[in-house]
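Enquirer: Here's a sequence, model it:
(chains A, B, C and D)
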Number of protein chains: 4
Amino acid sequence: MTKTGILLIDCPDRSGIAAAVSDFLYRRNANILHADQHQDAERGLFLMRVEWDLDGFALGFDECTREFAAIAERFQMRWKLERSDKPHRVALFVSKYDHCLVDLLYRHHSGELACEIPLVIGNHPEAERWAEFYGVPFFHIPITGASKAEAEGNQLALLAEYQVDLVVMARYMQVLSSEFIAEFGHPIINVHHSFLPAFSGAKPYHRALERGVKLIGATAHYATQDLDEGPIIEQDVMRISHRDGLEDLLQKGRDLEKMVLSRAVRWHIGHRVLVYDRKTVVFD
Amino acid sequence: MTKTGILLIDCPDRSGIAAAVSDFLYRRNANILHADQHQDAERGLFLMRVEWDLDGFALGFDECTREFAAIAERFQMRWKLERSDKPHRVALFVSKYDHCLVDLLYRHHSGELACEIPLVIGNHPEAERWAEFYGVPFFHIPITGASKAEAEGNQLALLAEYQVDLVVMARYMQVLSSEFIAEFGHPIINVHHSFLPAFSGAKPYHRALERGVKLIGATAHYATQDLDEGPIIEQDVMRISHRDGLEDLLQKGRDLEKMVLSRAVRWHIGHRVLVYDRKTVVFD
Amino acid sequence: MTKTGILLIDCPDRSGIAAAVSDFLYRRNANILHADQHQDAERGLFLMRVEWDLDGFALGFDECTREFAAIAERFQMRWKLERSDKPHRVALFVSKYDHCLVDLLYRHHSGELACEIPLVIGNHPEAERWAEFYGVPFFHIPITGASKAEAEGNQLALLAEYQVDLVVMARYMQVLSSEFIAEFGHPIINVHHSFLPAFSGAKPYHRALERGVKLIGATAHYATQDLDEGPIIEQDVMRISHRDGLEDLLQKGRDLEKMVLSRAVRWHIGHRVLVYDRKTVVFD
Amino acid sequence: MTKTGILLIDCPDRSGIAAAVSDFLYRRNANILHADQHQDAERGLFLMRVEWDLDGFALGFDECTREFAAIAERFQMRWKLERSDKPHRVALFVSKYDHCLVDLLYRHHSGELACEIPLVIGNHPEAERWAEFYGVPFFHIPITGASKAEAEGNQLALLAEYQVDLVVMARYMQVLSSEFIAEFGHPIINVHHSFLPAFSGAKPYHRALERGVKLIGATAHYATQDLDEGPIIEQDVMRISHRDGLEDLLQKGRDLEKMVLSRAVRWHIGHRVLVYDRKTVVFD
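Expert: Numbers count the residues shown, from 1 in each chain, chains lettered A, B, ... in the order given. Sure, this is the predicted structure:
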């Protein structure tokens, strides 16, 4: 596997940013593998992702960070410097529906998701057998109204202990508290079983059936304080007809959820997603 | 062109309905071309569409209506008996955006829409050139806040004069009053430029861009008193990315609107759409 | 779970078939749950699928078969009478790529596939762990050029022993011999990793990449003597761009293959697929 | 409308290309609006498209060309420097099916296609009314076996006279001779009514129906000496079922052809398509 460095940038758009970044990397002998940039004309923003081979790169990583800081300051950049050989550590949260969990574990096992999955946390015990099969520690933390704060405390302790930097809610049917989100401090990806902003909230498939829509959808997004309002990473839809009852919608929906969530996770762990305002740019 | 009879039925589901209808047609020597039925288990409804060749059919049309009434009564059917050689008379309503109008006129001209289009009504004068090219009378009825009731009166008079039994709002940007809808008394098909129920109301493409969705859509539905809430006939979506600005959304959206609206019109004039509650069954 | 009877019919199209079938069922008190029919005007064929509740049905199953034979003869029908409580017994064949196998086993486990899976046969040993996890007997039957006839003999013996009536080639990378297909005598479903008839034969993703197509596909079809030429049950595609290398195609392709194959299996075991000539009708 | 300069590059991949181009533009005060690059690792190719505002750009266009030549030589680039205010001059070729022609003329009229359309050439006279409506000169050049060479000579004379630099075959049902293609010397875009490489050659919809595929497609590609073998620019598909007869396929196909061809034309005239080997990169 090629070891790569990845630079993610957003800043006010002005002349010379791309030239400065290209020049910086060129002078340090970077062999650029992918580069993608985007100008949001309306907001006057410049966004960029560059990935290069660390083999032959003239700088150590810390040095690179230090030297790039000067350029970053000049252009008022928000920026991140990442390396492919320091993979994300991902915790999967699950409730009773296990299709997304099983899908992610298999994709990880087969090499499709370049991350580590140090633990699975479930508020029900049923998912343990899957975690066990894939050799991932499973923690059962039940949640009741009264115990929620305590349960979240236990979750946070585990996330810290296992040095997790991404939580994926694989059809985890509990709302995370604002305190949890703030305290965790890293991104959280959720999948909602509708084409947001349609049918946000509870029972989207029931409501889709009732409203008589001709397509159903699923949405992967970053979880924020506002339920179902976080930046959307990926969406997809499937055609339905009057022949589809609720069971058919649930079944088609499971396929949508798996596809949409796994794509979002893959893009995130590949450092391909940039968030600004309530939106994302996916450098795919 | 084969002349056909079409029977559309919905009624409480019980045993023997299909047998009774099949038997009725068989005894009168009907050569059935298409038959489709649907049971909505949840609501206990039976819905059916049968189409047969009128050539060789043993009954005149009025006679058929009379004789079928007995069966209909037995099963408490809502039903319609239609004939393909008595095409719908369709009025197209348009404002400034003319892509849906031009698309429908061309499809009609090329034989794709088996209906008559006796007139086009616009609240702006620009669309006249298209109507004229296709040899369809055009009426310019401007609408201002003050003149709306009077304008709708003029529209209704034209619809009556031209014996219209379907109005298609081809990006007609005025809200029809409840009085107009009630007075007209026939179906009205509208196209909304979003994937309903997402982004109902004004400026859906602007709001889609702002929300950062990854797909945009369009919806054709029957217009009812409740804006954007009528039974959905057809929907479709197209993928967008951060590279798409508002102009791109508008352009992709025009293609969606044309496809979705023309399909809905084709299904309606082919007597393929059954409405129940707020939903449709499309026997395609 | 409702126990249902399912009647699948194809015969030369003529008047009265639907009436005769409806009448037959009605007189025996069948509560019809789904009925779908299709006329292929070009070939003069009538095809039908009816499904009814066996609860309250006035006939035993053998009796029903006997009595229906008279109608079948009158209309020269090819027909099958099936019952939902006698599920298919499905053997999964696999080689090294295990994504389709794992997907089908999970779907079966979660209740999405109403069949029995009495065994998995692999020409490589790696898939055993999945079979074992799901509690399905696994048989490793290696295949070399010299051993093929013997290996197929062993496979056939197992299929007979386990009373298998459907083989699913879950990315089984061996060509089945004509003798095997003839001797087995039941349907075999295969998934080909291209949008047939494009890229039939070997290495379709490589060739798709080389040809520069903008979409890749997968196809589930019945295996026949002519490789990749059997009746198509389901196909789907995914968009690709120049950004997608071979690895990306393989990965997107896996998702396509899983979706397409699992849909085909579900339709087959639900008695929803009718084959005529080289084509299928799917009564979905 | 912003006047922009567009640079299209492909060359052997090596370090420093992006830096050199960025630096070249930055020093001349270019305000870059879009930049996209692609590395084809397998072939060792670097491909790039940059677009910048000509307002405030420090160089005249000829000067820019001259100065850039040194960089181009250093990196062995194939390159083109284009300007948005010098639009393509496009000739539309048509036979009897006029849906693509009418679609392109309308899109041009409504501002969706930023090019000039100085003439339409038809081998049948029927399309004249559309050209006339849109104020475009129409030339009727009939083609018979005997007259083909002469007819192509007349076509070439017109293309030269009208300074055409792109021919679009809008369902033009004649094969262009190798001599014509060579003599014209500019790109030619064709639309084939199938998902290539499936069903290349004649009557693709008939063959799709016969083969029983579950999706039909259309392909826009550059016409080359090898029929249906040129580099693919865009493809799309639509789902069909057993309910679709030949007429339905033709009708769905028309929508596909219009979408796919108009996208290809829009990308080409926006200088977004780079051809290498038999493939295209579309910088959308």
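
Enquirer: what ranges do the helices span in the stretch 101-250 of chain A?
Expert: Residue ranges of the helices in the stretch 101-250 of chain A, as given by DSSP state H, counting those that start in this stretch, are A:128-133, A:148-161, A:178-184, A:204-211, A:246-269.

Enquirer: Deepest in the core, which of these is it.
Expert: Mean neighbour counts were compared across the helices of the stretch 101-250 of chain A using mean count of other C-beta atoms under 10 Å in any protein chain shown; the top stretch is helix A:246-269, at a mean of 21. Glycine gets a C-beta too; all of them are placed from N, C-alpha and C.

Enquirer: Compute the inter-axis angle for that one and helix A:204-211.
Expert: Angle of helix A:246-269 versus helix A:204-211, following axes from the mean of the first three to the mean of the last three C-alpha atoms, to 10 degrees, is 130 degrees.

Enquirer: For the helix or strand that helix A:246-269 is followed by, name the packing helices and strands.
Expert: Note on helix A:246-269: by DSSP states H and E, the next helix or strand toward the C-terminus is strand A:273-276. Here strand A:273-276 touches strand A:4-12, strand A:45-53, strand A:279-282, going by 3 or more C-beta pairs under 8 Å, 6 or more residues apart in numbering or on different chains; DSSP states H and E.

Enquirer: I'd like to know which of those is closest to chain D.
Expert: Chain D lies closest to strand A:45-53 among the helices and strands packed on strand A:273-276, at 9.0 Å (C-beta to the nearest C-beta).

Enquirer: next one: the closest one to chain centre, how far?
Expert: How far strand A:45-53 lies from its chain's middle: 18 Å, per C-alpha atoms, centre = their mean, to the nearest Å.

Enquirer: Give me the average confidence score over it.
Expert: The average pLDDT for strand A:45-53 rounds to 94.

Enquirer: Give me the contact list for the next helix or strand after it.
Expert: Once the chain leaves strand A:45-53, the next helix or strand it forms, by DSSP H and E, is helix A:61-74. With C-beta atoms under 8 Å, 6 or more residues apart in numbering or on different chains as the test, helix A:61-74 has contacts from A:5, A:7, A:9, A:20-21, A:24, A:28, A:54, A:57, A:59, A:77, A:79, A:81, A:83.

Enquirer: Redo the helices and strands packed on strand A:273-276 as CSV? Include mean neighbour count.
Expert: Formatted as CSV, the helices and strands packed on strand A:273-276 follow (neighbours: other C-beta atoms under 10 Å in any protein chain shown):
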stretch, mean neighbour count
strand A:4-12, 20
strand A:45-53, 21
strand A:279-282, 22
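
Enquirer: Would you mind giving those strands as a markdown table with distance to C:Leu104 added?
Expert: Formatted as a markdown table, these follow (distance: least, C-beta to C-beta, whole Å):
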| stretch | distance to C:Leu104 |
| --- | --- |
| strand A:4-12 | 36 |
| strand A:45-53 | 36 |
| strand A:279-282 | 31 |
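
Enquirer: Take the helices of the stretch 101-250 of chain A and write them to JSON lines, including distance to A:Pro87 and mean pLDDT.
Expert: Shown next, in JSON lines, are those (distance: least, C-beta to C-beta, whole Å; pLDDT from 0 to 100):
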{"stretch": "helix A:128-133", "distance to A:Pro87": "19", "mean pLDDT": "97"}
{"stretch": "helix A:148-161", "distance to A:Pro87": "16", "mean pLDDT": "97"}
{"stretch": "helix A:178-184", "distance to A:Pro87": "19", "mean pLDDT": "97"}
{"stretch": "helix A:204-211", "distance to A:Pro87": "33", "mean pLDDT": "95"}
{"stretch": "helix A:246-269", "distance to A:Pro87": "7", "mean pLDDT": "97"}
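
Enquirer: Only the buried residues of stretch A:106-122, if you could.
Expert: Within stretch A:106-122, the residues that qualify as buried are A:106-109, A:112-113, A:115-122, counting by 16 or more other C-beta atoms under 10 Å in any protein chain shown.

Enquirer: do stretch A:159-178 as well
Expert: A:159, A:162, A:164-172, A:176.

Enquirer: How about the residues of the stretch 51-200 of chain A by chain B?
Expert: Contact residues, the stretch 51-200 of chain A versus chain B (C-beta under 8 Å from any C-beta of the partner chain): A:195-199.

Enquirer: Could you rerun that using 7 Å?
Expert: Taking C-beta under 7 Å from any C-beta of the partner chain as the measure of proximity, the stretch 51-200 of chain A contacts chain B at A:195, A:197-198.

Enquirer: and which of those residues is nearest to chain B?
Expert: Using C-beta to the nearest C-beta, these come closest to chain B at A:Ala198, 3.9 Å.

Enquirer: is chain B contacted by stretch A:7-24?
Expert: No: applying C-beta under 7 Å from any C-beta, one finds stretch A:7-24 separated from chain B by no less than 11.6 Å.

Enquirer: That stretch and chain D in contact?
Expert: Yes: against chain D, stretch A:7-24 shows contacts by C-beta under 7 Å from any C-beta at A:15-16, A:18-19, A:22-23.

Enquirer: And stretch A:227-246, by the same measure?
Expert: No: Stretch A:227-246 does not reach chain D (C-beta under 7 Å from any C-beta); its nearest approach is 7.5 Å.

Enquirer: How about stretch A:277-284?
Expert: No: counting by C-beta under 7 Å from any C-beta, chain D has no neighbours in stretch A:277-284; the shortest distance is 10.9 Å.

Enquirer: who's in contact with that stretch?
Expert: A:36, A:38, A:47, A:49, A:231-233, A:267, A:272-274, B:211-212, B:242, C:243 (C-beta atoms under 7 Å, 6 or more residues apart in numbering or on different chains).

Enquirer: and whatever residue of the stretch 101-250 of chain A ends up closest to chain B, what is it in contact with?
Expert: Here the stretch 101-250 of chain A gets closest to chain B at one residue, A:Gly212, 3.2 Å apart by C-beta to the nearest C-beta. Counting by C-beta under 7 Å, 6+ apart, A:Gly212 makes contact with B:231-232, B:278-280.

Enquirer: Look up how far B:Ser194 lies from it.
Expert: 16 Å (C-beta to C-beta, to the nearest Å).

Enquirer: next one: A:Thr144
Expert: Taking C-beta to C-beta as the measure, A:Thr144 and B:Ser194 are separated by 40 Å.

Enquirer: re the thing from before, please indicate which of the residues of stretch A:7-24 next to chain D are buried?
Expert: Buried subset of the residues of stretch A:7-24 next to chain D (neighbour count, 16+ other C-beta under 10 Å): A:16, A:18-19, A:22-23.

Enquirer: Report how many residues lie close to the closest residue to A:Ser15 other than its chain neighbours.
Expert: In space, and not counting its chain neighbours, A:Ser15 is closest to D:Asn31: 5.8 Å by C-beta to C-beta, 6 or more residues apart in numbering or on different chains. Around D:Asn31 there are 19 other residues, counting by other C-beta atoms under 10 Å in any protein chain shown.

Enquirer: what do you get for A:Lys86?
Expert: Neighbours of A:Lys86 (other C-beta under 10 Å): 10.

Enquirer: number of nearby residues for A:Glu82?
Expert: When neighbours are counted by other C-beta under 10 Å, A:Glu82 registers 16.

Enquirer: do the same with A:Gln76
Expert: 10.

Enquirer: How confident was the prediction at it?
Expert: 97.

Enquirer: Helix, strand or coil: sort out it for me.
Expert: Following DSSP: H, G, I helix; E, B strand; the rest coil, A:Gln76 is assigned to coil.

Enquirer: quick one: contacts for it?
Expert: Applying C-beta under 7 Å, 6+ apart, one finds that A:Gln76 lies in contact with A:11-12.
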